[in-house]
Every structure is written in structure tokens, then in C-alpha cells.
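Asker: only the shape, not the letters, is given here:
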């Protein structure tokens with residue numbers, strides 16, 4: 001039996017190491033395990049693939065992807081950045097703070113780190129360099145700040161986590177607000193101190209008239225996150241419905257009010273979003289087949305037994321999980337890791353008395369940091385391409401911010417009441 005586990009693990013690692021697409025590696029390893037190790041009918045694999053796609057929660061993912069693409073194509077992103085800049089741009093490091101704030105705004109709509117680093121980082125890194133900010137600092141902060149895309153709700157990773165754990169999605173979303181604000185505040189403070197020590201020239205403070213003019217110009221863009229969260233937590237619509245409402249609102253604003261998107265662009269945006277959504281869905285399908293193999297072999301329960309026998313303290317368990325997730329995040333994307341690891345960790349959470357929503361937030365931040373860690377951190381490659389620098393340069397640039405985010409992660413890990421404050425206030 002142990003030899004069969006080793007075989008399946010070797011197949012999975014071998015496929016991933018040989019640059020086989022993640023979904024194929026998961027599907028192939030899971031299929032071999034189910035058919036040749038467990039000995040089930042191959043038709044079961046087809047049924048597993050169908051069941052994995054037949055989940056209403058996945059509709060939310062697709063519509064938030066579409067919403068992010070609409071904003072990137074139009075000028076909502078530009079107006080969010082302009083608003084952030086007029087609010088904090090006059091402070092030392094103000095333009096960098098504006099970039100962090102813009103990542104928070106965009107993350108509160110798109111739910112994706114990759115979308116955030118493309119939309120905000122692609123715009124802000126050149127802008128920072130043009131305004132005489134240190135290049136390494138500019139690349140580092142705008143590569144790390146897009147983690148807010150998966151921490152601040154709506155988060156695609158949280159949606160998939162809730163799909164596995166059956167946690168209430170609206171309550172799980174609430175766990176991301178306070179950590180997101182802490183990350184924004186910490187990175188902005190770092191930018192302030194760094195730029196003040198570097199002697200960066202300050203911009204003139206805008207007048208109240210200028211601030212109001214920018215806010216008036218951006219009011220439709222700023223209302224989008226208000227619409228999403230106001231609708232969800234007022235009970236006007238569910239999280240699933242919020243994604244659809246956000247898409248129609250974004251289309252209306254860009255086409256009718258801003259008039260920066262033509263009707264001809266709608267087709268291209270929908271096709272681009274369909275391709276992105278399909279990529280996510282096939283990863284879900286592949287991970288479901290592999291997860292079915294883990295379930296048949298009762299591997300999560302066996303791992304839980306081994307861990308409980310060797311670890312008695314929940315704090316030691318959480319620390320060990322953090323280390324493990326940070327390492328896994330270096331090699332696996334957040335979607336695959338969430339779908340594969342959540343069923344494995346779920347039995348352990350009950351045994352150690354760890355709240356599943358608290359753990360979901362910890363997992364999301366850990367794997368979000370993985371976007372900025374080599375060798376497979378996607379954000380590193382996107383930012384590197386923006387300034388034509390290699391991954392070693394970008395890794396060095398982002399390292400202070402990874403350390404900062406890891407410190408925040410540890411605080412949130414061992415202070416669960418802070419993470420769960422809003423869900424408890426709203427839902428009791």
C-alpha cells in the first residue's frame with residue numbers, strides 16, 4: 001500500500017517537474033490512483049469530472065473574473081488609482097501608498113492577485129519610476145501589494161475554500177477585511193519610512209476643490225465595491241448574485257457613463273474572461289479527480305492520525321502548517337493548492353480546535369505570498385517583464401515586503417479573535 005502511495009506521489013511530482021500543465025498532472029495522477037491502485041471503474045472518473053463542474057459556487061468565480069476584465073479594459077482602474085493618489089499622494093512615498101491603496105480597491109472587486117498585479121502593477125511601476133522612486137523599491141512594493149486581491153473579499157481562493165468546507169461564504173469574506181487593512185497600513189508605513197529616509201521630494205498637497213473634483217469624477221468607480229458589499233451584507237442579494245450585479249454595473253458604467261468601452265469591446269472582454277475562467281475550471285476538475293483518490297484511500301484521515309500523535313499543541317500545529325504552506329506556495333498556484341490541501345487539513349482542524357474560517361484566511365495569505373516567491377511566483381514574472389528585469393532582481397526587490405507580510409501572517413495566525421471579529425459581530 002505504501003508503495004502505491006509513493007507511485008502516485010512520484011507521478012504527480014514528476015509531471016509537475018516536467019512542466020506538464022497542473023490540471024493534467026493532477027488528473028493523470030488521480031486517474032492512475034483510482035483505476036490501477038483503488039481498482040474502481042474508469043467511468044467513475046468521468047462522473048467525478050462532471051460533479052466537480054456542477055457546482056453553483058463556480059459561477060461566482062467566472063463573473064468576478066469577467067468584472068475584473070471589464071475594469072481593466074475600461075477606465076475604472078485608472079479612476080481608482082487617481083482617487084488613491086489624490087488621497088495620499090502628497091505624503092512622503094505617497095505615490096507608492098496610492099498604489100497599495102489602489103490594489104486594495106481593485107482587490108475588493110476582482111478577487112484575483114494576478115489580475116491585480118497586471119492591472120495595477122503594470123500601470124504603477126512605470127509611474128513610480130518616472131516620478132524618481134527607486135526602481136527596486138517600486139518593483140518590490142507593486143509586486144507584493146497585489147496579495148490584497150485574494151485577501152480582501154471577494155476572493156476567488158476563498159470562494160473555492162468555502163466550496164470545499166461548506167463554510168458560509170459571506171462570513172468567510174468578512175475574515176479578510178481586517179487583515180487586508182493591516183497589510184495596506186503596514187506596507188504604506190514601510191513606504192513612508194523608506195521614502196522619507198531616502199529624501200524623496202514631496203508633492204504639493206491638493207486643495208479641497210481638487211480632491212472633490214477627483215472624487216466626483218471617480219464616484220461611479222468607487223460605488224462598485226459599495227454596491228457589492230452593501231448588497232451582500234444588507235441581504236439585498238447573495239454573494240453569487242453580487243458577482244452578476246457587479247458585471248452588469250461595470251458594463252453599464254464603462255459603456256454608458258464613462259464611454260471608454262465600445263460595444264465591439266464587449267465580445268473581446270467576454271472571450272478573454274471565458275478563457276481565464278476555463279483555465280480555472282479545468283484546474284478544479286483535475287484537482288477533484290486527485291481529491292477523489294485521496295478520499296478513497298482515506299489519506300486525509302491517516303495524515304490526521306499521524307499529525308495528532310506527534311503534535312499536541314494547536315499553536316505548534318499552526319506554525320508547522322504555515323511553514324508547509326509557504327513552501328507549497330513556491331511551487332503550486334493558489335487554486336490547485338486550495339482544492340488539494342483543504343480536504344487534507346479539514347480533519348486536523350477539528351482535532352486541534354482550529355476554526356475553519358480562521359484557517360481559510362491563514363491558508364489564503366500563505367498561498368498568496370506564494371505569488372511573490374520563486375521559482376513559480378507568477379507576480380515575479382509579470383513585474384519582471386514590466387521593467388525588463390530577471391527573476392533574481394525582482395525576488396530581491398520583493399523580499400522586504402515578503403518578510404513584512406510573513407510577520408503579519410504570524411500575528412493573524414496566533415490571534416484568531418482578530419480574524420474572526422467581524423464574522424462574530426455580524427453573524428454571532
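Answerer: Yes, it's here. What you see is a predicted model; the values in this text were computed from it and never measured.
Asker: how close does residue 326 get to residue 26?
Answerer: Going from residue 326 to residue 26 by Cβ to Cβ, to the nearest Å gives 21 Å. Glycine gets a C-beta too; all of them are placed from N, C-alpha and C.
Asker: need phi/psi at the spatially most central residue of the chain.
Answerer: Centroid-nearest residue in the chain: residue 150, 2.4 Å away (criterion: Cα atoms, centre = their mean). Backbone geometry at residue 150, expressed as degrees, to the nearest 10, gives phi -110, psi -10.
Asker: look at it and report its pLDDT.
Answerer: Residue 150 carries a pLDDT value of 86.
Asker: how much space separates it from residue 306?
Answerer: Distance, residue 150 to residue 306, by Cβ to Cβ: 30 Å.
Asker: more crowded one of residue 326 and residue 26?
Answerer: Between residue 326 and residue 26, counted using other Cβ atoms under 10 Å, residue 26 has the larger neighbour count: 29 against 18.
Asker: was I right to think that one contacts residue 290?
Answerer: Yes. Taking contacts as Cβ atoms under 8 Å, residue 26 lies within contact range of residue 290: 4.4 Å.
Asker: quick check: neighbours shared by those two?
Answerer: Here residue 26 and residue 290 have 12, 340 as joint contacts, going by Cβ atoms under 8 Å, 6 or more residues apart in numbering.
Asker: name the SS class of residue 406, please.
Answerer: Secondary structure, DSSP: H, G, I helix; E, B strand; the rest coil: residue 406 is helix.
Asker: what's the burial count for it?
Answerer: So residue 406, with other Cβ under 10 Å, has 15 neighbours.
Asker: likewise residue 166?
Answerer: 9.
Asker: got a pLDDT number for residue 335?
Answerer: Residue 335 is given a pLDDT of 79.
Asker: repeat that for the one 4 residues further on.
Answerer: Note on residue 339: pLDDT of 81.
Asker: for it, which non-adjacent residue is spatially closest?
Answerer: The shortest distance from residue 339 to any non-neighbouring residue, by Cβ to Cβ, 6 or more residues apart in numbering, is to residue 287 (3.7 Å).
Asker: immediately after the helix or strand that contains that neighbour, which helix or strand?
Answerer: In the assignment (DSSP states H and E), residue 287 maps to helix 263-296. Sequence order places helix 299-310 as the next helix or strand after helix 263-296, per DSSP H and E.
Asker: returning to what we had before: now do the helix holding residue 287, average pLDDT.
Answerer: pLDDT averaged over helix 263-296 gives 81.
Asker: so it versus helix 299-310, what angle?
Answerer: Counting by axes from the mean of the first three to the mean of the last three Cα atoms, to 10 degrees, helix 263-296 points 60 degrees away from the direction of helix 299-310.
Asker: buried residues, helix 263-296. List them.
Answerer: By 16 or more other Cβ atoms under 10 Å, the buried positions in helix 263-296 come out as 269, 273, 276-277, 280-294, 296.
Asker: does the residue nearest to the centre of the chain really touch residue 107, like I thought?
Answerer: Yes. Assessed by Cβ under 8 Å, residue 150 is found in contact with residue 107 at 7.4 Å.
Asker: which parts of the stretch 151-300 of the chain are strands?
Answerer: For the stretch 151-300 of the chain, applying DSSP state E, counting those that start in this stretch gives no strands.
Asker: low-confidence ranges in this protein?
Answerer: 1-3, 56-57, 201, 300, 304, 308, 376, 428 (pLDDT under 70).
Asker: now the residue nearest to residue 339: how far from residue 377?
Answerer: 20 Å.
Asker: ok, residue 136 next?
Answerer: For residue 136, the distance to residue 377 - Cβ to Cβ - is 16 Å.
Asker: neighbour count: those two, which is higher?
Answerer: More neighbours surround residue 377 than the other of residue 136 and residue 377, with 24 against 17 (other Cβ under 10 Å).
Asker: leaving out sequence neighbours, find the closest residue to the more buried one.
Answerer: Nearest non-adjacent residue to residue 377, counting by Cβ to Cβ, 6+ apart: residue 371, 5.3 Å away.
Asker: so that neighbour is in contact with residue 337, correct?
Answerer: No. Using Cβ under 8 Å, residue 371 is not in contact with residue 337; the gap is 11.4 Å.
Asker: quick check: neighbours shared by the two?
Answerer: residue 329.
Asker: show me which of the two is the more surrounded one.
Answerer: The neighbour comparison of residue 371 against residue 337 (other Cβ under 10 Å) goes to residue 371, with 26 against 21.
Asker: separation between that one and residue 63?
Answerer: Applying Cβ to Cβ to residue 371 and residue 63 gives a distance of 22 Å.
Asker: likewise residue 38?
Answerer: According to Cβ to Cβ, residue 38 stands 36 Å off from residue 63.
Asker: swap in residue 349?
Answerer: For residue 349, the distance to residue 63 - Cβ to Cβ - is 30 Å.
Asker: again, but for residue 147
Answerer: 22 Å.
Asker: more neighbours, these two?
Answerer: residue 147 (29 against 23).
Asker: correct me, but that one touches residue 184?
Answerer: No. At 10.4 Å, residue 147 does not count as touching residue 184 under the criterion of Cβ under 8 Å.
Asker: so residue 192 is in contact with residue 97, correct?
Answerer: Yes. Residue 192 lies in contact with residue 97 (Cβ under 8 Å); the separation is 7.0 Å.
Asker: find residues that contact each of the two.
Answerer: residue 91.
Asker: pick out whichever of those two has more residues nearby.
Answerer: Applying other Cβ under 10 Å to residue 192 and residue 97 shows that residue 97 carries more neighbours, namely 27 against 18.
Asker: for the more buried one, which residues are in contact?
Answerer: When contacts are taken as Cβ under 8 Å, 6+ apart, residue 97 is in contact with 84, 88-89, 91, 188, 191-192.
Asker: what helix or strand is it located in?
Answerer: Taking DSSP H and E as the definition, residue 97 sits inside helix 94-110.
Asker: chain center to that helix: distance?
Answerer: Taking Cα atoms, centre = their mean, to the nearest Å, one finds helix 94-110 lying 14 Å from the centre of the chain it belongs to.
Asker: just checking, next helix/strand downstream of it?
Answerer: Downstream of helix 94-110 (by DSSP H and E), the next one is helix 113-116.
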